[in-house]
Each structure stands twice: as structure tokens, then as C-alpha cells.
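Give the three-dimensional model of this entry:
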Amino acid sequence: MRILPLALAATLTLAAPAAHAQDLSSEAHQLSSTNHGSSRVTVDAVTTLLGALGPNAKLLTDLWAASDAAYPHPITSLPTASITRHKVDGRQERWDIASPAMGRVIEADVLVGTGPVVFLFEGVDSPETSGWIKRGIAQKVFTDSDATVIIPNQGRSSMWQDWRRDDPKLGRMKWETFYTKELAPLVDHEIPNNGKRAAIGLSMGASGAVMMANNNPGFFDAVAGISGCYSTLDPTGRGTVELTVGNGGGSTANMWDASDWKRNDVTSHPEGLRGTRIYLSAATGEVTEADQRGYAGKPLTDQIGGTLLEAGSRQCTQRLDSALTRAGIEHTTNYLDRGVHDWSMFSGQLAPAWAAIRPALY
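Model (predicted):
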């Protein structure tokens with residue numbers, strides 16, 4: 001994700017006041033990222049601005065929104081939901097899922113088993129082939145598991161939500177209906193399983209998975225959020241939503257009305273998660289050596305954005321952690337001392353998330 005120019009300018013001012021912005025190097029930013037306080041201040045400034053602007057934040061997010069020729073997808077009348085399965089290798093399959101709610105065929109990466117069903121929710125880019133699959137992470141983590149792992153793709157900037165209106169840039173988004181009313185019944189009919197169901201989300205996917213679990217009590221037996229944001233009403237949460245939707249050129253005015261912003265604010269009313277096994281994790285935004293290697297050859301702004309996004313995720317996770325504790329809802333948290341909002345950190349977080357929620361699925 002590209003980061004708002006204001007965020008870059010603010011970071012350079014706060015994190016490296018003695019250096020000119022143009023002289024800031026990757027090594028200098030790595031050092032400055034150890035100042036977690038300045039990262040949090042920058043995140044608060046940017047997200048508060050975006051949140052205050054509301055739908056008008058699109059005037060800013062359009063300046064750096066990334067285009068994708070695949071969007072908006074054409075909308076077609078589909079009479080019934082169905083799955084067409086394509087064998088890839090071993091347990092791995094590729095599914096085409098006809099969705100009447102979405103008016104199109106949704107592609108998914110799948111590892112087929114006979115145990116619990118685990119849905120993985122992708123991040124903001126939600127590419128045609130899942131990052132978990134493309135990097136071999138899901139295959140490795142679930143090698144000795146009988147879980148069926150399903151990763152629907154191409155939900156770019158959607159928050160994995162049902163949108164009120166079709167968006168001119170992103171198209172029709174009815175993801176909650178797709179998961180709960182179409183895909184889950186199809187899977188139960190198509191794949192032998194033990195009747196248990198879980199969701200694991202990353203970044204935007206973490207927000208979407210936890211929101212969906214909270215809004216549909218009992219639908220998931222377990223949910224895990226990796227580096228997500230779970231409020232939609234506080235300044236950080238509101239600004240993060242605007243940033244996420246705006247990254248794909250979409251407008252939150254087409255996604256939610258006032259009641260939806262309240263409904264999806266898990267931090268203010270997490271009761272729907274009671275009885276669900278919950279795991280939450282986040283890092284600090286401090287750059288590691290592995291992070292630096294991952295950013296080699298990329299613009300410095302990517303690395304700075306990774307710091308800011310993870311610092312924001314940390315704040316959001318801590319706030320949900322506190323809300324769950326106040327409500328007396330059992331949960332597990334894993335706070336990493338270092339790591340940025342990128343695959344260099346994410347790649348190691350699926351295994352502990354799965355280990356934490358697995359006992360609730362057998």
C-alpha cells in the first residue's frame with residue numbers, strides 16, 4: 001500500500017528531525033523506527049485527519065490510490081451459488097465460486113482436508129493468487145493438518161464487508177453474505193468436515209474476519225487477527241478504514257451508513273465474540289534486519305509505510321485487547337517487539353495463530 005504523502009512528511013519530521021528528508025536512508029529509518037512513540041504520534045495525526053474528513057478523505061486518498069484493471073468486475077445475474085473445482089497439486093485446488101450476491105465468480109485458493117474449515121482473509125490488495133499460497137506459507141503451516149483452508153481472492157479494499165451501494169471503482173461488494181450465506185453452506189455440502197469453522201485474517205483481513213465473527217455470533221468457533229484494526233469509530237480506526245478503502249479508489253460513502261460504522265466497531269461492543277476462541281497479534285513497526293532485506297530495491301516510502309501501518313495496528317490491537325478484558329471475554333494476545341507491516345513479518349505469524357486457535361476446532 002502506498003502511504004499518504006502527509007504521513008511521509010510527518011514521519012521524516014518526527015523520526016529524523018536532525019536530517020533533511022532527502023538524506024534519510026533505509027538504515028536511518030531503521031534506527032528511527034526504534035522510537036515507537038514518534039511512530040504512534042504520526043499514525044494518530046494521519047488517521048485523525050482522515051477520520052475527521054470522513055467520505056471527503058477520498059479527495060486525499062485519490063492522490064495515491066492504486067489502480068487495478070480487474071476492477072470493477074462485471075456484474076452478472078447468477079441464479080444459484082455453486083463451486084467448480086480445479087486440481088492443482090496434492091491437496092491444493094483452485095475453486096471458481098459462483099456468487100449470486102456478488103454477481104460474479106469468486107476465485108479461491110484451497111487446501112482440501114476432512115477436518116475443520118479455516119477461511120483465510122487476505123489484506124488490502126487481495127491478489128488473484130493469495131500471498132499465503134504464492135509464498136508457500138499456508139502449505140507449510142497446514143502440512144500435517146486435516147483442515148480445509150479456503151482463501152477467497154480479489155476483495156481489494158473491501159474490508160470483507162457488505163457494501164450499501166456498488167462502487168464505481170471497486171464494483172459490487174457483498175462479502176459477508178458471500179461467506180455466511182453462500183460459501184459456508186456450499187463447503188458443508190461439498191467437503192467432508194468436522195463441523196467446526198475458523199477465520200484467520202491479515203491486516204484488512206484481520207479487521208474483516210473479527211468484524212464478521214462479532215456480527216455473526218457462533219458462526220466461527222475461532223478467529224485470529226494478525227496486525228488488524230478493530231474499531232471503526234475512534235480516530236485511528238476510522239482513519240484506517242478510509243485509508244484502506246481509498247487505497248483501491250473506493251469511497252466509504254458507498255460502503256457504510258452511520259449504523260454500519262457503529263455495527264462494525266468491535267472495540268465498543270465485542271459481545272458477539274463471547275464463546276469464540278480469539279487470538280490477536282501485532283508488532284511495533286520497528287524495522288528488523290529481515291524487514292530491511294525484504295525492502296531491498298523498493299522505495300524508502302514503502303518501509304516507512306510499513307512502520308506506520310504496524311504501529312497503528314499495534315494501537316488497534318491493544319484497544320481491542322483492553323475491551324475484551326473489560327468485558328470478561330477470554331482471548332490470547334501476542335505482541336512482537338519488532339516487525340513492520342509486511343510479509344517479512346507476516347510470514348512467521350500464521351503458524352502461532354493456527355496453534356492458538358486449533359484446540360477450539362477439535
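
need the helix or strand of this protein with the lowest average pLDDT.
The helix or strand of the chain with the poorest confidence is helix 5-15; it has a mean of 40 (mean pLDDT, DSSP states H and E).

show me what contacts P72?
Residues near P72 by CB atoms under 8 Å, 6 or more residues apart in numbering: D166, D167, P168, K169, L170, G171, R172. Where you see a C-beta, it was placed from the backbone N, CA and C, and this is true even at glycine.

what's the answer for L186, then?
A81, S82, I83, I97.

Show the contacting residues for the first one.
Going back to what we said before, that points to A81. I97, A98, S99, P100, E182, L183, P185, L186.

try 7 Å
With contact taken as CB atoms under 7 Å, 6 or more residues apart in numbering, A81 is in contact with A98, S99, P100, E182, L186.

cool, I200 as well?
Taking CB under 7 Å, 6+ apart as the test, what I200 contacts is V118, L120, A209, A224, L350, A353.

for this protein, which helix is longest?
When the chain is parsed with DSSP state H, its longest helix is helix 300-327.

What are the buried residues along it?
The neighbour-count criterion (16 or more other CB atoms under 10 Å) identifies 300-301, 303-317, 319-321, 323-324 as the buried residues of helix 300-327.

Which of the helices or strands spans A199?
Assigned by DSSP states H and E, A199 falls within strand 197-202.

In its sheet, which strands sit next to that strand, and in what direction?
With DSSP bridges as the test, strand 197-202 is paired with strand 117-121 (parallel), strand 222-226 (parallel).

Make JSON lines from these and add distance to D234 and mean pLDDT to it.
Conversion of those to JSON lines gives the following (distance: least, CB to CB, whole Å; pLDDT from 0 to 100):
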{"stretch": "strand 117-121", "distance to D234": "22", "mean pLDDT": "99"}
{"stretch": "strand 222-226", "distance to D234": "16", "mean pLDDT": "99"}
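
out of those, deepest packed?
Burial of those is given as mean neighbour count (mean count of other CB atoms under 10 Å); strand 222-226 ranks first at a mean of 29.

if we compare the strands paired with strand 197-202, which one ends up closest to A147?
The minimum distance between A147 and the strands paired with strand 197-202 falls on strand 117-121, with 4.9 Å, by CB to CB.

Mind listing what's buried along the helix or strand following that closest one?
Following strand 117-121 in sequence order, the next helix or strand is helix 131-134 (DSSP H and E). Buried residues in helix 131-134, counted by 16+ other CB under 10 Å: G131, W132, I133.

in a helix, that's where I83 is, yeah?
No: under DSSP: H, G, I helix; E, B strand; the rest coil, I83 falls outside any helix and is assigned strand.

Give the bridge partners for it, please.
Beta-bridge partners recorded for I83 (DSSP bridges): I97.

Touching, it and H189? I think so.
No: I83 is beyond contact range of H189, at 8.8 Å (criterion: CB atoms under 7 Å).

And the contacts of A81, which is closest to S268?
S268 has its nearest neighbour among the contacts of A81 in E182, at 29.1 Å by CB to CB.

do you know how far the residue lying closest to that closest one once chain neighbours are set aside is from P192?
Take E182 and drop its neighbours on the chain: the residue closest to it by CB to CB, 6 or more residues apart in numbering is A81, 4.1 Å away. Counting by CB to CB, to the nearest Å, the gap from A81 to P192 is 19 Å.

Helix or strand: which one has K262?
If you go by DSSP H and E, K262 is part of helix 258-263.

Off-centre distance for that helix?
19 Å (CA atoms, centre = their mean, to the nearest Å).

Check stretch 182-195 too.
Put simply, stretch 182-195 sits 24 Å off its chain's centre (CA atoms, centre = their mean).

okay, how far is it across it, tip to tip?
Taking CA to CA, to the nearest Å as the measure, stretch 182-195 stretches 16 Å from start to finish.
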